[in-house]
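> Structure for this input, please:
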Amino acid sequence: AAPFEAAPFEAAPLCSLTEQRTERCKHRNLIVIGTIIAIAIVSVLSVFLSRRTCCPIPDEPPITIDFTTGVSIITNYAVNSKVRSRLATTNLTMEVLNGMNCSSVHMVTLQLPLNTRVTSLKTVADDGCMTNGKVKEIQEARDSFVAQTSQGLSSAYVEAQDEFTYTVQVSIPPFGATKVEMIVEQLLQQRRGLIAFEVPMIPNEEVDSLFFDLSVEDVQGNPVDFQLELDLPGIKANATNGTKKFHLELPDARQHDLPRVVQGTFAPGQLPENGLLYFDGSCFEHYFLPPSLKPMPRNFIFVVDVSDSMRYDKKLNETKIALKKFINTIDDNDSFSVQTFGNKGTVDLWGPRNGTTDGKEDAKNFLDALKSTESDWYNWGTNLHEAVLEALLRAKDDIKESKNDTVSILVLVSNELASAGVTDRSKIVKNVHDLNKDGSVKIFTIGFQGSSDVAMLDAISLLNGGISAIITSGDFGGKFEPQITRFLESEMGSILLSDTRINFLADKAQIVGVTNTYFPLLAGGYEVVVRGLVQGTVKDNLLNAEIAASTLESVQNWVTAATGLPEKVKYSLCYQSYAHARVSQLVRLSEAADFLGDNILKYLVTLADPSCNEEHFVNCIKKEALDLALDAKIVAKGLTAMVTVDDDNCMNADDSAQVCLDGTTSDPTAWSKEGTQSDLYAGANAISYVPISISLVSLVAVISLLH
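Numbers count the residues shown, from 1 in each chain. Just a heads-up that it's a prediction; the model follows:
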């Protein structure tokens, strides 16, 4: 080659015939050939072992139902809602059509308001045959629905996925239609002087046409004015003065961007200063609203997640807007600070400052400048443990400089699981509680649904005198900012009472299964509702509620005597409302049991049946919740579901009916009547071959290149 000119690259052959006689070449060939053979053997063994260990084929796999099969659509969807005093009753009607000659399943996801229960379910087939919903344990309800679908019958099934999301499975006969009627009820409470209600408008999918009717009445059934938050072009957002009703008809519903849930408010009648206690002889409801008192000074520390995920869906921006709105309500008697966290417990810190005009403006400028941290290798993760403990230390230090009547509040906004520092969830909850055992700091938590650890956040609030809020995603619950703002203003607005305790006395009768009776903080316009049962005979005037709470000046007491239920209010509504509230309380405690020991659980709740002798107290809680849900016909998350049953035997079962296996199903073999899913599991095995094959080809290529 010429000077400074590189010689052309040529791959060397294994060996020439002459070179093969040398000992060095023989070793070289043996190494290369042996390596290739070894790789082939390892690859074959990997494939064989993966078939035996990765995805074993079950003998009799259960039929699953959590998907849609075939081709079906919702044509007509109607909502008829009536709000009366503290209860919103909504009748949802949908007609589902099946476009195939096989039994089809259509799954509908509904976003229901918090504190909502499903009370009725009904289907109507083409021939007029009706089936009615029965509440059963989840597995029993699932088995019943699967059996009816496999026989080509009209049926429906409802299950709660979480506090907001319910799935409705509808079975439609071949080329048939199934009309589903479902009734849901929402328990309402007064907040900031208004009662807010939410009505589910459409499911989590588009519908062809929509009919929407709404009316609002007081406890006696008289129409009242209300406001409805519905921003659609050409549609008024309030009821007409003539009818006090709202009607909406959209035959072209797909042309409109409709919300999943519609929110509204109305002004209730004024409660007496000592509240109201309704009693029907066995079930009672107690309503109490803090009277007009001087607000207590507050010391806030806002702990805001600025990890990388907060920049998605504008979560950080929406949080900043909500905090700035709430900061505007803080006055000179209050103090506050802002701490941000990401991979460190404190990324940035502002305050503490008093709620002066200059202080609030400076804080809002600080919030405007906040940005989410970037997920680089050196600052990845969210140190939730360190963030809460550092904020607690700051809050407790501020208490030393505050007046005795000051309420200290920590507000935690989180969007991530604990992924840096201490990540053990039980340790985080325990360490926070250990530092705040005196309860001097009330901890309120705000978690974004689907990304934050809502169960852990709820446990932290539960043990530290606060309340947790789940912020639903923009696709379902609307924007994040209004939800955060409403939570802050209603729960932590003008604090009038702290450490409120309510006790019930019923002469010689026994009071059992009472819902929560302790309220760490009560803001102005925040209505308290306590429900319970009475065992034994007691006259109305011998049932009393005694209330004790700390105010700005002293500890005050109120006494409320029971009265009969208002006219037009049925006993069943009182009992179902009680059962709903009680089951929700018990389910919440059972979900937090992983973070709480038996001693703490026993302190937080008194069971209706104290004779339960389960080894773990949480099993007693679950048992009471299940028994009460079945008795009151409540669909409870993880416990019960509702399925329609043909009581009149008007449907004709077809044991040879075929279930649609194509369309939009995510699991095409799950409905196999032969009881085998070998193709499904074989598919999973086939997926496991891909990385093995790639590895084999890559290794052979590398060896060839090196050679």
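
> Pass me the low-pLDDT residue ranges in the stretch 51-200 of the chain, would you?
51-70 (pLDDT under 70).

> Strands of that one, start to end?
Ranges of strands within the stretch 51-200 of the chain are 72-84, 87-98, 104-111, 116-125, 130-137, 155-160, 165-172, 177-187, 190-191, 194-200, based on DSSP state E, counting those that start in this stretch.

> I'd like to know which elements the second one is packed against.
If you count contacts as 3 or more CB pairs under 8 Å, 6 or more residues apart in numbering; DSSP states H and E, strand 87-98 packs onto strand 72-84, strand 104-111, strand 165-172, strand 177-187, strand 194-200. (Each C-beta comes from the backbone N, C-alpha and C, glycine too.)

> who does the last one pair up with?
Strand pairing for strand 194-200, using DSSP bridges, gives strand 190-191 (antiparallel), strand 261-266 (antiparallel).

> Equivalent analysis for the first one, please.
Taking DSSP bridges as the criterion, strand 72-84 pairs within the sheet with strand 87-98 (antiparallel), strand 209-217 (parallel).

> Check the ones you listed for me and report the most buried one.
Highest mean neighbour count among those (mean count of other CB atoms under 10 Å): strand 87-98, with a mean of 21.

> In JSON lines, list the helices and strands packed on strand 87-98 along with distance to D647.
Formatted as JSON lines, the helices and strands packed on strand 87-98 follow (distance: least, CB to CB, whole Å):
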{"stretch": "strand 72-84", "distance to D647": "25"}
{"stretch": "strand 104-111", "distance to D647": "22"}
{"stretch": "strand 165-172", "distance to D647": "17"}
{"stretch": "strand 177-187", "distance to D647": "16"}
{"stretch": "strand 194-200", "distance to D647": "27"}
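
> Of all these, which one is nearest T382?
strand 165-172 (24.7 Å; CB to CB).

> what residues does the closest one touch?
Here strand 165-172 makes contact (CB atoms under 8 Å, 6 or more residues apart in numbering) with 65-66, 70, 72, 94, 96-98, 103-112, 118, 123, 145, 148-149, 153-161, 178, 180, 182, 203, 476, 635.

> Show the pLDDT at the nearest residue to R84 once chain neighbours are set aside.
Nearest in space to R84, with sequence neighbours left out and distances taken as CB to CB, 6 or more residues apart in numbering, is E217 at 4.6 Å. Note on E217: pLDDT of 88.

> ok, now how distant is E217 from T563?
E217 sits 20 Å away from T563, going by CB to CB, to the nearest Å.

> tell me the secondary structure for E416?
Assigned state for E416: coil (three-state reduction, DSSP: H, G, I helix; E, B strand; the rest coil).

> how close does it get to G381?
E416 sits at a distance of 8 Å from G381 (criterion: CB to CB).

> Who has more neighbours out of these two?
Counted by other CB atoms under 10 Å, E416 and G381 do not tie: E416 has more neighbours, with 22 against 19.

> which residue packs closest to the more buried one, ignoring adjacent ones?
Nearest residue to E416, sequence neighbours excluded (CB to CB, 6+ apart): T382, at 3.9 Å.

> what sits in contact with each of E416 and G381?
S307.

> got a list of what L153 touches?
L153 neighbours (CB under 8 Å, 6+ apart): S103, A125, S171, P173, D646, M651, A653.

> Neighbour-wise, give me the winner out of these.
Of the contacts of L153, with other CB under 10 Å as the count, S171 tops at 29 neighbours.

> tell me the contacts of the residue nearest to R84?
K82, V83, R84, S85, P223, V224.

> Which of those residues sits closest to R486?
V83 (17.9 Å).

> In contact with that closest one, which residues?
T89, L188, F197, L214, S215, V216, E217, F226, G264, F266.

> Can I get these in TSV including distance to Y278?
Formatted as TSV, these follow (distance: CB to CB, whole Å):
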residue	distance to Y278
T89	18
L188	15
F197	20
L214	26
S215	23
V216	20
E217	17
F226	23
G264	24
F266	20
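
> what's the next secondary structure element after the helix or strand containing S584?
Element membership for S584, per DSSP states H and E: helix 571-591. Once helix 571-591 ends, the next helix or strand along the chain (criterion: DSSP H and E) is helix 598-604.

> Does anything pack onto the helix or strand following that following helix? Which helices or strands?
Sequence order places helix 617-632 as the next helix or strand after helix 598-604, per DSSP H and E. Packing partners of helix 617-632 (3+ CB pairs under 8 Å, 6+ apart): strand 130-137, helix 571-591, helix 598-604, strand 640-645.

> Which one of these lies nearest to D499?
With CB to CB as the measure, helix 598-604 is the member of the helices and strands packed on helix 617-632 nearest D499 (15.3 Å).
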